[in-house]
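K.L.:
Below is the sequence, then the predicted model.
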Amino acid sequence: QVQLMESGGGWVQAGGSLNLSCTVSGVTVETHDMAWFRQSPGKEPEFVAKINRGGFASYKDSVRGRWDIDRNNAKNTLYLQMNDLRPEDTGIYYCAGHYGGYTNRWRDYEYRGQGTQVTVSS
């Protein structure tokens, strides 16, 4: 059984930092494209950051330079270090995994966590 469990969300003032973690079981982060998605009320989750099987990281334009995605293969865990947070970063953050071709679409990620809330106040 595949499980992805996010942690580390919370409330923070603008300019602050949070570090999200996603503990994975049932599949290995090293052999899958692993990504973070963000969902705002009434919208489908949108791509935020990804680390592919080769270890290459990619980001949504609005977070590039502020955030870092990483993984620990030994712990089978995915991370998202979020710095210089802004109110528009508020949302539910989901960890997701995909095995297959290149994609940043939520619908293509077959493994998904339950999400963790991030709230950034101005």
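P.N.:
Sure thing, it's come through.
K.L.:
Just give me the residue closest to the centre of this protein.
P.N.:
Nearest to the geometric centre of the chain sits residue 36, at 2.1 Å (CA atoms, centre = their mean).
K.L.:
which SS state does it fall under?
P.N.:
strand (DSSP: H, G, I helix; E, B strand; the rest coil).
K.L.:
Okay, now the unreliable bits of this protein?
P.N.:
For the chain, no stretch has pLDDT under 70.
K.L.:
Please, where are all the strands along it?
P.N.:
3-7, 10-13, 18-25, 33-39, 46-51, 57-59, 67-72, 77-82, 91-98, 111-112, 116-121 (DSSP state E).
K.L.:
Please identify the deepest-packed of those strands.
P.N.:
Most buried of the strands of the chain by mean neighbour count (mean count of other CB atoms under 10 Å) is strand 33-39; its value is a mean of 24. Quick note: C-beta positions are derived from backbone N, CA and C, even for glycine.
K.L.:
closest to residue 104 out of the strands of the chain?
P.N.:
strand 46-51 (4.0 Å; CB to CB).
K.L.:
Out of the strands of the chain, which gets nearest to residue 105?
P.N.:
strand 46-51 (7.5 Å).
K.L.:
Quick one: residues contacting residue 60.
P.N.:
For residue 60, the contacting residues are 46, 47, 48, 49, by CB atoms under 8 Å, 6 or more residues apart in numbering.
K.L.:
Export those residues to JSON lines and append columns for distance to residue 3.
P.N.:
Below are the contacts of residue 60 laid out as JSON lines (distance: CB to CB, whole Å):
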{"residue": "46", "distance to residue 3": "23"}
{"residue": "47", "distance to residue 3": "22"}
{"residue": "48", "distance to residue 3": "21"}
{"residue": "49", "distance to residue 3": "21"}
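K.L.:
follow-up on the earlier one: okay if I get the strands of the chain as a markdown table plus distance to residue 104?
P.N.:
Putting these into a markdown table (distance: least, CB to CB, whole Å) gives the following:
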| stretch | distance to residue 104 |
| --- | --- |
| strand 3-7 | 17 |
| strand 10-13 | 26 |
| strand 18-25 | 17 |
| strand 33-39 | 7 |
| strand 46-51 | 4 |
| strand 57-59 | 8 |
| strand 67-72 | 13 |
| strand 77-82 | 15 |
| strand 91-98 | 9 |
| strand 111-112 | 14 |
| strand 116-121 | 19 |
